[in-house]
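Q: 3D model of this:
(2 chains)
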Amino acid sequence: MSTDTGTETREQARIGDTPFRYGAELAEEIERRWQDRWEREGTFQAPNPGEPGSERAKVYLLDMFPYPSGSGLHVGHPLGFIGTDVLGRYLRMTGHNVLHAMGFDAFGLPAEQYAVQTGTHPRTTTEANVARYKAQLRRLGLAHDERRSVATTDVDFYRWTQWIFLKIYGSFYDAQQRRARPIEELEAEYAAGTRSSPDGRPWGELSEVERRALIDSFRLAYVTEAPVNWCPGLGTVLANEEVTADGRSERGNFPVFRRNLKQWMMRITVYADRLAADLDRLDWPDSVKAMQRNWIGRSEGARVRFDVVGAPVGIEVFTTRPDTLFGATYMVLAPEHPLVDQIVPGAWPLDTDPRWTGSDRSGRPAPDQTPAEAVAAYRATAARKSELDRQENKDKTGVFTGALAVNPVNGQAIPVFVADYVLMGYGTGAIMAVPGQDQRDWDFATAFGLPIIRTVAPPEGWEGEAFTGDGPAINSHNDEISLDGLGVIEAKRGITAWLAEKGAGESVVQYKLRDWLFSRQRYWGEPFPIVWDEHGPIPLPDGQLPVELPDIADYAPKTYAPDAADTEPEPPLSRAADWVNVKLDLGDGVRSYRRETNTMPQWAGSCWYYLRYLDPHDDKYFCAPEIEQYWMARDPSRPGDPGGVDLYVGGVEHAVLHLLYARFWHKVLYDLGEVSSEEPFRRLFNQGYIQAYAYTDARGSYVPAEEVVESPDGGFTWNDAPVSREYGKMGKSLRNVVTPDEMCERYGADTFRLYEMSTGPMEVSRPWSTRDVVGSQRFLQRVWRNLIDETTGASRVSDDDRVEPQTLRLLHRTIAGVHTDFLALHYNTAAAKLIELNNHLTKRGAAVPRSVAEPLVLMLAPLAPHIAEELWSRLGHDATLAYAQFPIADERWLVAETVEYPIQVNGKVRSRVTVPANADGDAVRVAALAEEKIAAVLDGRPPRKVIVVPGRLVNVVV
RNA sequence: GCCCCCGUAGACCAACCGGCAGAGUCAAUGGAUUCAAAAUCCAUACAGUGUGGGUUCGAAUCCCACCGGGGGCACCA
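A: Residues are numbered from 1 along each chain as shown, chains lettered A, B, ... in the order given. Got it, this is the predicted structure:
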């Protein structure tokens, strides 16, 4: 800080008068001292089961761990961390064993990109960033158990990420038992003949390679050639969840293409039903549950089989509207559908509509093409379209395959098309098209001149196209069944039963959720514990873990022009030849293998870090069972409780990705008996964001927000030039970043914490306002001044314990209120109540009695722990207050002696009357009616009605 | 287009099961302190709850419609 000499002298003179005034300097000294002491004494180390202190009721609080970015924390980041810290400190003072730790989600793109640019190893960057984050967080006085901190990039940590991967790889999903089981049990069932192979051949007749392929096809982690999101601009493939609604990469905003590529997948779809159903057992915000349900996308319908004329195969479709089957006038297969090649005939049927047979490069009909050529041309065009093209252009395109299918309800032959409005990834990748009841089919039918048959009668006066609502079925009968006149629900039931009887279909539940693409072509991620021989992947034994990342010269994956759809991913690890080619003895002698060169996605570590906090240094288990049980077990006193972390706090942006993946891993671990809890996070809380104003000048460039002043007319100027204001994120490029370090310097961490907690309840987003922070500082200063002599630093508290009832009532009302507020995470109202109490003590004038001062300090401690510890010690206590008993309200002082009742006449307050608190309803009524203004209004007439709300008010109706 | 959340003094926010619109903070205004300023302290004022209807003795709170803001989903058969 630079000030001229004159100011400094005066500053010193001031401090000379009151060296113990609570200001930034004193705050900083106090804060450092207590942070050191907490660390030295291990104050916040939470005992595990069996250790002293573990007999207290446990609470596991968790923050979504941060990615340690190069720019450090701004004031928005720690909002949730402070919130959980306040709750943790409160719970510790009410007798709980609180586990609260902080780790780092440290794999990720920025460190890798920085490495590509500068050649600095990502580990170097990452470790420096983690150290900086830790220093910033320490300064805030967060009561973390520092022994439990982990980073996903620690070899000791990712060794266990790899171990869990192997567990998942080594499992299959038993659909009957609805749980994952070890893959060896599947193998045993095949060997014993209790389960037969798909083609019926006995296990003994399969070759070793065939056996491996069969078993691999059941694994929960598997390699497959499937349509994936290929992003040439990033040089990597992405999960569905990482692609935005407009078909671009969430990171970098590059176009994404659907490509068939060989990639690792996680079979999350087999858990779709449990992931959806168990949401009901979670204490989560409705919005997040809704988003997950939406993403999982459960829908009930039927599978229906259509024969294909002249082909040995049939087409299966999924439909949610089997009741409209009589209106199916054509079918569509997704362009990638494997059956396409099998059904395409050598020539078009006679009289094929020329619009159906595809077009040449100039878009004109090309009647000379064979069906195979037309289909191939269309497939090629569809594959070249990016997701974005598909989104933007919803005009229906497609081509006739030349094949005809048979509608099972009426034997009608209907044309089969290939069109990209049908997606391979949903249902069976094929649909029956019912233009009368589906707008997409209507659009396609209109474009291609296909017939439209309504099978649900639209309401009188219907002028729309496809009718998707409820109504009586029409045109829906054959010799055996008639749906006509039935409503949609009954018609569905009727036709599904008929299809089942005929063997042409059955009812089925379908999910939108797709398997999780689990490999990335990146350097800075967990290597797979997998090697390859000529037949496929082979898991490494536990003893070979960890598989460490090799040092390489070039960290970048091969990237391409963003729209180069036909390119191939090339992972950086594939260039580390010495690492890739290994000779290992995996049980049948030393042989050569190639290592898997993809790495895991960033989500892997965050799928289980909360388990590692519990047992961070264990080298035998990822988390010892008795420790997991202690912190995570289901609570038998709560019916349906799935167990898990007691409170998980973070932003809503992880509603689907992280929270869905973590739930999936946890359920696998539960099925395999590795954890006792069924869900990772029993209660979830979304904190709001701290947002900020940013200002742009006339040219549209951002100016430093700190230097902008508000003019009297409500406008804003910077260097006297008008600027315009926008509201949103805090960021370097917006020039509006405020850091917690700055706030600690200017006001102290306690003031900063209190400010963040005072501006609103935890769940609300709000603007940052540096100008307002001083209010929190003034409050702490007033508390300090009430208890401490600013000249000597000695306690001013009086030991005379005769306290007037008015003060006692306020004290106990405050105690009672603060308990409720802390538990509800309404720290803003808790702070307001403490301010109110302190204001009362200030106005009261006389020295504050110890019996009021001490509870005040204890109640303040969760919010402003350093100043509270300091006051507590200056009041004569040697030990930390972290485990002191939080004040308990005395019921006697919660009841008032008299109550003032407002008296309403016809709902408007006209007067008030004070009566003894124990007065009954009749007494209150009598007192109210006798009150002179009311008596005057009534003027002798009897009121029509008198409503007495005990403790609240009286309403006189005339 | 569909779904979810939110609209209260100039700003951020309180108000429990429908019962006096105000706990707290900033800013504003007046005053004390000061040679002056900063800092500090004391005091004051400020909205009838986005709009329009409905239910009720009584609505910020419950219901309906609309307006505004934020978020999610969107060719998912």
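
Q: from here on, contacts and neighbour counts on C-alpha atoms
A: Will do.

Q: low-confidence ranges, the stretch 601-750 of chain A, go.
A: Screening the stretch 601-750 of chain A residue by residue with the criterion pLDDT under 70, one finds the ranges A:712-714.

Q: what about the closest residue to RNA strand B within chain A, how many neighbours?
A: At 2.8 Å from RNA strand B, A:Thr319 is the closest residue in chain A, using Cα to the nearest atom of the strand. The criterion is other Cα atoms under 10 Å. On that basis, A:Thr319 has 24 neighbouring residues.

Q: contact partners for it?
A: If a contact means Cα atoms under 8 Å, 6 or more residues apart in numbering, then A:Thr319 has A:Gly301, A:Ala302, A:Arg303, A:Val304, A:Ile431, A:Met432 as its contacts.

Q: who does it form a beta bridge with?
A: A:Ala302 (DSSP bridges).

Q: pLDDT at it, what is it?
A: Here, the pLDDT recorded for A:Thr319 equals 93.

Q: quick check: end-to-end length of stretch A:545-556?
A: One end of stretch A:545-556 sits 25 Å from the other (Cα to Cα, to the nearest Å).

Q: and it, what's its mean pLDDT?
A: For stretch A:545-556, mean pLDDT rounds to 89.

Q: go through it and flag the buried ones.
A: For stretch A:545-556, burial by neighbour count (16 or more other Cα atoms under 10 Å) applies to A:Leu545, A:Pro546, A:Val547, A:Leu549, A:Tyr555, A:Ala556.

Q: I'd assumed A:Asp154 was in contact with the second one.
A: No - with the criterion set as Cα atoms under 8 Å, A:Pro546 and A:Asp154 do not qualify as a contacting pair; they are 10.7 Å apart.

Q: all helices for the stretch 51-200 of chain A, in order.
A: Counting by DSSP state H, counting those that start in this stretch, the stretch 51-200 of chain A has helices at residues A:79-92, A:109-118, A:122-138, A:155-169, A:183-192.

Q: JSON lines for those helices, including distance to RNA strand B and mean neighbour count?
A: As requested, the helices of the stretch 51-200 of chain A are exported to JSON lines (distance: least, Cα to the nearest atom of the strand, whole Å; neighbours: other Cα atoms under 10 Å):
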{"stretch": "helix A:79-92", "distance to RNA strand B": "13", "mean neighbour count": "24"}
{"stretch": "helix A:109-118", "distance to RNA strand B": "20", "mean neighbour count": "17"}
{"stretch": "helix A:122-138", "distance to RNA strand B": "23", "mean neighbour count": "18"}
{"stretch": "helix A:155-169", "distance to RNA strand B": "25", "mean neighbour count": "21"}
{"stretch": "helix A:183-192", "distance to RNA strand B": "29", "mean neighbour count": "15"}
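
Q: could you tell me the least trusted of those?
A: Across the helices of the stretch 51-200 of chain A, the stretch with the lowest average pLDDT is helix A:109-118; it has a mean of 81.

Q: check the offset of that helix from the chain's centre.
A: Taking the mean C-alpha point of helix A:109-118 and that of its whole chain, the gap between them comes to 26 Å (Cα atoms, centre = their mean, to the nearest Å).

Q: I'd like to know which elements that helix is packed against.
A: Contact analysis of helix A:109-118 by 3 or more Cα pairs under 8 Å, 6 or more residues apart in numbering; DSSP states H and E lists helix A:122-138 as its packing neighbours.

Q: which other residues reach the helix it packs on?
A: With Cα under 8 Å, 6+ apart as the contact definition, helix A:122-138 has outside contacts at A:35, A:68-70, A:72-73, A:78, A:104, A:106, A:111-112, A:114-115, A:153, A:524, A:740-741.

Q: same deal with stretch A:324-340?
A: For stretch A:324-340, the external contacting residues (Cα under 8 Å, 6+ apart) are A:315, A:378-379, A:382, A:401, A:405, A:407, A:409-410, A:414-424, A:429-437, A:450-456, A:475-477.

Q: let's go with 7 Å and repeat that
A: Counting by Cα atoms under 7 Å, 6 or more residues apart in numbering, the neighbours of stretch A:324-340 from elsewhere in the structure are A:379, A:409, A:414-420, A:422-424, A:429-434, A:436, A:451-455, A:476.

Q: show the end-to-end separation of that stretch, please.
A: Start to finish, the residues bounding stretch A:324-340 are 25 Å apart (Cα to Cα).

Q: what comes up buried for it?
A: Neighbour count says stretch A:324-340 has A:324-337, A:340 buried, by 16+ other Cα under 10 Å.

Q: what ranges do the strands span in the stretch 701-850 of chain A?
A: Chain-ordered strands for the stretch 701-850 of chain A, with DSSP state E, counting those that start in this stretch as the definition, fall at A:702-703, A:709-710, A:716-718, A:721-728, A:766-767.

Q: so who does A:Val675 touch?
A: If a contact means Cα under 7 Å, 6+ apart, then A:Val675 has A:Pro625, A:Glu628, A:Leu669 as its contacts.

Q: try it again with 10 Å
A: A:611, A:623-629, A:632-633, A:644, A:666-669 (Cα atoms under 10 Å, 6 or more residues apart in numbering).

Q: put the buried members of these into a PyMOL selection.
A: Written as a PyMOL command, the selection of buried residues from the contacts of A:Val675, which uses 16+ other Cα under 10 Å, is:
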select buried, chain A and resi 611+623+624+627+628+629+632+633+644+666+667+668+669
